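Chemist: With the sequence up front, the predicted model follows.
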Amino acid sequence: MKNPSKYQEAIKDHFHHSENDLLVDAKPGSGKSSTAEYVINTLPNPTKVLALAFTKTIAGSLTNRIPLSDCIHSHAYGKSFLKRSSYYEKNKYWEFTNFQGKSLVNQHQVSSSFVLVRLLELIRLSDTDIFCEDAQAIRNLSSMAYDYGLLGIRFFNDKLLDFTRKGIDWGIGWYKKTGQIDFADMLFLPVELNLDPPETYDYVFVDEVQDFSNIQIELMQLAVSDYYGKLLMVGDQNQACFKFAGAGKASIPSIKERLQPDVLPLSICYRCPTSHIELANQIYPGMEARPGAPEGEIYTWNDGYTQSQLKHLANPGDLIICRRVAPLIEQCLDFILAEIPAVVKGKGVKESLFRTFDEIQNQRGFKYSKVFDYANKWHDYWKNYFVEEYENPDTAIQDITDRYNQVIACIQAFNANSFSSLKKQIEYIFNDKSGAIQLSSIHSAKGLEADSVFVMEADKLPFKFPGMTKDDKIQESNLEYITKTRSKEKLYLLPKEEED
């Protein structure tokens, strides 16, 4: 690094002169990987360094940036604790749930087996205590489901508690017997079984720590040598948005309380122009422009720009982001019909869409020839369910309506005769293509950047709806903040166009 900033120098000096763990409050585009590379390059040899990442993608990018270290994502690190004969099975808990949870579904205590599988997953990721006294355990379950927005549970009672306890015990026992694990097990089992780490490190660099779940936080502590190990954790609480993936609603405050690290800022943004930084600082202040940063360009609906112009405005390599997914799929299909290469980013988007296909198809008497009727029936059922069962159903209704609109857009765009055929036809819109326009949900856009960024439905940000909790408001502000910090040159804020 030719000209490290005062913030980067302070981080390096801390590593050399303090025994305390360090938490870096890193603003968007502030050069986290460059800073880690700079610091690690100044460490004495031999030094054992682990770079622990939130996702496989981030781990891959760190491998080429940070020398003299093992770069791995947290799930792979957790799996390294387990016996060599262990093997991954995505649907590990489904057979157990379909058998043990059948009565809960049939008695309409929960809406589906998927909800029960998701409940078992979140218990493990959040490290929720369900083996304490019964009344407290039920309160813990209810609070956890609320915190993570898990919908579809009508009653939290002894029957549900009994199911979850049996499910967690079964998962542990089945691993011991067969070695079978799912994704959450990779994090949960090493901590729950108090397994010894295969290797410990002098220094552990942790990226995107604001999105770590409780169980990931415990796992990263196991990586540090008991004698003189040190954590360098980097994150930004204002970019925390992976609550649905099990991230703690207050991961960084939790880390501060549990580990008592020193805290230093990393505030200079090397990505965004000054005008974009000024816009982002209106949401959360504190980001600084790099020396010589250009002013950049911002275009809004006041300049006459609309989403209908995207086919003429967007170029290969540009990034289009939206809070909802349905408009992204509709726009991607519009590009493809115009023979413009485009791709929808995010594995989770495709999985959610295909799961919705399955839920509609699994209705009694389903025929694809009447697919619109069954899609409407599915949508109406869930809307009515949320109205009847939730004090503030608006969030759930918005989410289910977005899923419904995704399905309708796909059905209308392709001449399929079954959902199986439809899945095959739309698979390619999710396959990465070089030189394509990228379309992404705001959640999936974290870590992405482009010269030109288009924000669809920007006039609706941050999302507002009746009954919003404090946590809901924070998440929505975080998502708006992310949209303002992706562009290197031009930022287009496009309004939602009213339907005819």
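Modeler: Happy to help now that I have it.
Chemist: Going by C-alpha atoms from here, please, whenever you check contacts or count neighbours.
Modeler: Fine.
Chemist: Just want the phi and psi numbers for Leu264.
Modeler: With angles defined as degrees, to the nearest 10, Leu264 sits at phi -130, psi 150.
Chemist: Confirm for me that it is in contact with Leu23.
Modeler: Yes: when contacts are counted by CA atoms under 8 Å, Leu264 is listed as touching Leu23 (6.5 Å).
Chemist: So for the two, which sits in the more crowded spot?
Modeler: Neighbour count, other CA atoms under 10 Å: between Leu264 and Leu23, Leu23 has more, with 25 against 17.
Chemist: could you point out which element follows the host helix or strand of that one?
Modeler: For Leu23, the element it lies in under DSSP states H and E is strand 22-26. The helix or strand immediately downstream of strand 22-26 is helix 32-41, counting by DSSP H and E.
Chemist: so how far is that following helix off the chain centroid?
Modeler: Its chain's C-alpha centre and that of helix 32-41 lie 25 Å apart, by CA atoms, centre = their mean, to the nearest Å.
Chemist: That one - contacts with which helices or strands?
Modeler: helix 6-17 (3 or more CA pairs under 8 Å, 6 or more residues apart in numbering; DSSP states H and E).
Chemist: please redo it, this time with the cut-off set to 10 Å
Modeler: The contact analysis (3 or more CA pairs under 10 Å, 6 or more residues apart in numbering; DSSP states H and E) places helix 32-41 against helix 6-17, strand 22-26, helix 56-63, strand 203-206, strand 230-235.
Chemist: The next helix or strand after the third one pairs with which strands?
Modeler: What that stands for is helix 56-63. Per DSSP H and E, the first helix or strand lying C-terminal to helix 56-63 is strand 69-73. Applying DSSP bridges, strand 69-73 is found paired with strand 49-53 (parallel).
Chemist: Could you pull out the buried residues of stretch 113-130?
Modeler: 113-117, 119-130 (16 or more other CA atoms under 10 Å).
Chemist: before we move on, the earlier item: pull up the overlap in contacts between Leu264 and Leu23.
Modeler: 11, 234 (CA atoms under 10 Å, 6 or more residues apart in numbering).
Chemist: just the strands in the stretch 51-200 of the chain please.
Modeler: Using DSSP state E, counting those that start in this stretch, the strands found in the stretch 51-200 of the chain span residues 69-73, 87-88, 180-181.
Chemist: can you check the stretch 351-500 of the chain too?
Modeler: 437-441, 450-455, 487-493.
Chemist: looking at the ones you listed, which is closest to Gly31?
Modeler: strand 487-493 (14.0 Å; CA to CA).
Chemist: now the angle from that closest one to strand 450-455?
Modeler: 20 degrees (axes from the mean of the first three to the mean of the last three CA atoms, to 10 degrees).
Chemist: In its sheet, which strands sit next to strand 487-493, and in what direction?
Modeler: Counting by DSSP bridges, strand 487-493 is paired with strand 297-300 (parallel), strand 450-455 (parallel).
Chemist: hmm, who's touching the strand holding Leu23?
Modeler: With CA under 10 Å, 6+ apart as the criterion, strand 22-26 contacts 7, 11, 14-15, 32, 205-210, 230-239, 252, 255-256, 259-269, 287.
Chemist: for stretch 372-379, same thing?
Modeler: Residues from elsewhere that reach stretch 372-379, judged by CA under 10 Å, 6+ apart: 356-357, 359-368, 371, 380-381, 383, 385, 397, 400-401, 403-405, 407-408, 411-412.
Chemist: So which bits of that stretch are buried?
Modeler: For stretch 372-379, by 16+ other CA under 10 Å, it's 372, 374-375, 378-379.
Chemist: Least reliable of the helices and strands packed on helix 32-41 by average pLDDT, please.
Modeler: Mean pLDDT values for the helices and strands packed on helix 32-41 show the minimum at helix 56-63, a mean of 64.
Chemist: for the helix or strand where Gln221 lies, packing partners?
Modeler: Following DSSP H and E, one finds Gln221 within helix 214-222. Judged by 3+ CA pairs under 10 Å, 6+ apart, helix 214-222 is in contact with helix 74-79, helix 113-126, helix 183-192, strand 203-206, strand 230-235, helix 251-259.
Chemist: Glu351 is nearest to which of the ones you listed?
Modeler: Using CA to CA, the helices and strands packed on helix 214-222 put helix 113-126 closest to Glu351, at 13.1 Å.
Chemist: Now do stretch 268-286: distance from first to last residue.
Modeler: Taking CA to CA, to the nearest Å, stretch 268-286 runs 9 Å from one end to the other.
Chemist: Make a ChimeraX selection of the buried ones in the contacts of stretch 372-379.
Modeler: To isolate the buried ones among these in ChimeraX, judged by 16+ other CA under 10 Å, type:
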select :356,357,360,361,371,383,385,397,400,401,403,404,405,407,408,411
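Chemist: sorry, back to before: can you tell which of the helices and strands packed on helix 214-222 is closest to Pro273?
Modeler: Closest among the helices and strands packed on helix 214-222, using CA to CA: strand 230-235, at 21.4 Å.
Chemist: Now do the buried residues in the closest one.
Modeler: 230-235.
Chemist: Parallel or antiparallel, which strands does it pair with?
Modeler: Partners of strand 230-235 in its sheet, by DSSP bridges: strand 22-26 (parallel), strand 203-206 (parallel).
Chemist: okay if I get the strands paired with strand 487-493 as CSV plus mean neighbour count and mean pLDDT?
Modeler: Shown next, in CSV, are those (neighbours: other CA atoms under 10 Å; pLDDT from 0 to 100):
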stretch, mean neighbour count, mean pLDDT
strand 297-300, 16, 96
strand 450-455, 23, 98
